[in-house]
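Chemist: Fold the following and give me the result.
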Amino acid sequence: MNFLRHLPSCCRRRPASPRTPLLPAPARPNRPATTTSRTVKGSCLIAAAATASAKCSEIPESGWVAYLLVSPTRSSLAGVARSSELSQIIELHNGELEKDQDGPDVTKFLRPWRLADFVAFDEPEAARCLAWQTSRASGFRARLAALRGGLLPDESQQAIDSSSDVSLESGLDALTYVPVEFLHPKDRSRTVTVVALVDTGSTDCELRQSIIDQLGLPTAGRAQVETAANRMVSTAIHETVIRILGQEALVKLSPAEEDEDPSGHNGIGGRIESCNLTTDEDEEFGFLANSDDAMIGFSALAALGLLVDCRARRLVAPLAPGGPKLPSVPFLRGGNHVLLELANPGAPKRKASVRALVDTGCTDIDVSKKEILALGLAVDPFEGAAHFETAGGITIEAPIYRATARMLGREASVRVSPSEENGSDSDGSDGSDGSEDEDDEGSSSDDSDDEALLGHDALAALGLLVDCRHRRLLAAPWSSGPALLTSKATAAVAESADKAKRPRKRRAHHR
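Modeler: Here you go, the predicted structure:
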């Protein structure tokens, strides 16, 4: 099978504000179990399966396709394949081939994968061009629009490498998710394993209320917390034991923000405001506003001592004492921030140092509009304007820029988006031609008070590990990246295609 070598892409997920408990109150009894979340999520999965099934029935028997797969986490996977092999590729990522072919580890935790859409071609060259364009877009919504928008003239004919397999690092658009075992702290027989988002930008852990009720987790008081929509709400705080990679820690968690049911209630016992955030894509693919069952925050990662490897989308064991020492940079005092240098790719002397929160729950680097204008960053022509939800729960449109990020002697081309600002925007245009100003020998800014976010994909591009326990970033060896979709995996698809006409019992997949 021929694959297209994609360029890196990321999903447009805006970070939630860290949920830091305030003003603890006396403990209250557990509230009755709610089925809202389970009912809403089940309906969404049914809708997504129906959409994918209809798309699969339209796949032609011959030719080539540029395709886009999607998971309930809004993660996506773009690629190109023969039409006859697309169904087997979906089965590969869902672990539905033979028993000894469970699919790539990096896509395993994002299942189930569904076909979002495809475009058919007679020849592979055009399919590769469109798949390449699709992979350059940022986030599922932008990728879907790029796929359905068709080929751009001329531009897509460049940088095509048809002789190499696509790496999962390049084709996959996702944050880091890991399986986490949640246990009742006093009854270890009561346990459940769910896939959780790794979010160093949040303080504590979150878990869906329905799972909290299933485990019967004890309460540890109540607290006022700030939600992703910047609202202060009172919620119960629970205790649980989490287990990841053999490491355990007793942590506190709060119920994840649930999606609204038709009656207008959320899943945590309160009325919520309607923000009209539903989009056509949400309805078509059955997305929930909060697509994650659980979230593991900074404090839990510090207690476990595990490192976050965004490049490989995994957690790794801490460094062994006496082992090789990796270059590192400590967090700044008083927060989980580092100093990050950004530069204009077309004018390297135009650079700035920004104080950036290390946030693996965010995809890009967010900086102020003022800093973007000072650096003269140019809009990424393959990104254009992106629609995304802000931490305040409002859907807005903003351009995506390109910058060079530098840290620990490394540099990488990264996406930059304007951060939310309370004040008015600075005067000036949204982009520039990126040309160097001869009179600007060093518009380097030493003002480290400018808040920014250092997101997941920038950490991955720089090859940095997040060490929450020791509050630092480490420069990982470059050989630690994720595995390629190797010839062994593609051979499994080809072998499965030969058996496609044989009647066989498919393994059921449970999520």
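
Chemist: Quick check: which element contains Ser135?
Modeler: helix 124-136 (DSSP states H and E).

Chemist: any idea of the mean pLDDT for the helix or strand that that helix is followed by?
Modeler: Following helix 124-136 in sequence order, the next helix or strand is helix 140-149 (DSSP H and E). Helix 140-149 carries an average pLDDT of 89.

Chemist: circling back: helices and strands around the helix holding Ser135, which ones?
Modeler: On a contact count with 3 or more CB pairs under 8 Å, 6 or more residues apart in numbering; DSSP states H and E, helix 124-136 meets strand 64-70, strand 76-82, strand 114-121, helix 140-149. Every C-beta, even on glycine, is put in place using the N, C-alpha and C of the backbone.

Chemist: rerun that using 10 Å as the cut-off
Modeler: strand 64-70, strand 76-82, strand 114-121, helix 140-149, helix 168-171, strand 172-173 (3 or more CB pairs under 10 Å, 6 or more residues apart in numbering; DSSP states H and E).

Chemist: winner for burial among the ones you listed?
Modeler: strand 172-173 (a mean of 30; mean count of other CB atoms under 10 Å).

Chemist: Adjacent strands (with direction) for that strand?
Modeler: strand 76-82 (antiparallel) (DSSP bridges).

Chemist: so the strand it pairs with versus helix 140-149, what angle?
Modeler: Between strand 76-82 and helix 140-149, the angle comes out at 30 degrees (axes from the mean of the first three to the mean of the last three CA atoms, to 10 degrees).

Chemist: tell me the mean pLDDT over strand 76-82?
Modeler: Rounded mean pLDDT across strand 76-82 is 93.

Chemist: next SSE after that strand?
Modeler: As assigned by DSSP H and E, the chain's next helix or strand after strand 76-82 is helix 86-93.

Chemist: name the helices or strands packed onto the helix or strand that that next one is followed by?
Modeler: Using DSSP H and E, the helix or strand that follows helix 86-93 in sequence is helix 105-108. Using 3+ CB pairs under 10 Å, 6+ apart, the elements in contact with helix 105-108 are helix 86-93, helix 168-171, strand 177-184.

Chemist: then helix 105-108 to CSV, C-alphas only?
Modeler: Extracted in CSV, the C-alpha atoms of helix 105-108 (Å, rounded to 0.1, in the frame of the first residue of the first chain):
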residue,chain,number,x,y,z
ASP,A,105,-0.8,1.5,20.1
VAL,A,106,-1.0,5.2,19.3
THR,A,107,-4.5,4.9,17.9
LYS,A,108,-5.7,2.2,20.2
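
Chemist: now what about it, what contacts it?
Modeler: 69, 71, 75, 77, 92-95, 102, 113, 167-169, 171-172, 174, 176-177, 179, 195, 312-314, 482-483, 485 (CB atoms under 10 Å, 6 or more residues apart in numbering).

Chemist: Drop anything exposed from the residues you listed.
Modeler: Neighbour-count burial (16 or more other CB atoms under 10 Å) applied to the contacts of helix 105-108 gives 69, 71, 75, 77, 92-95, 113, 167-169, 171-172, 174, 176-177, 195, 312-314, 482, 485.

Chemist: For Lys325, see how far away the closest residue to Ser75 other than its chain neighbours is.
Modeler: Nearest residue to Ser75, sequence neighbours excluded (CB to CB, 6 or more residues apart in numbering): Ala174, at 3.5 Å. Counting by CB to CB, to the nearest Å, the separation of Ala174 from Lys325 is 31 Å.
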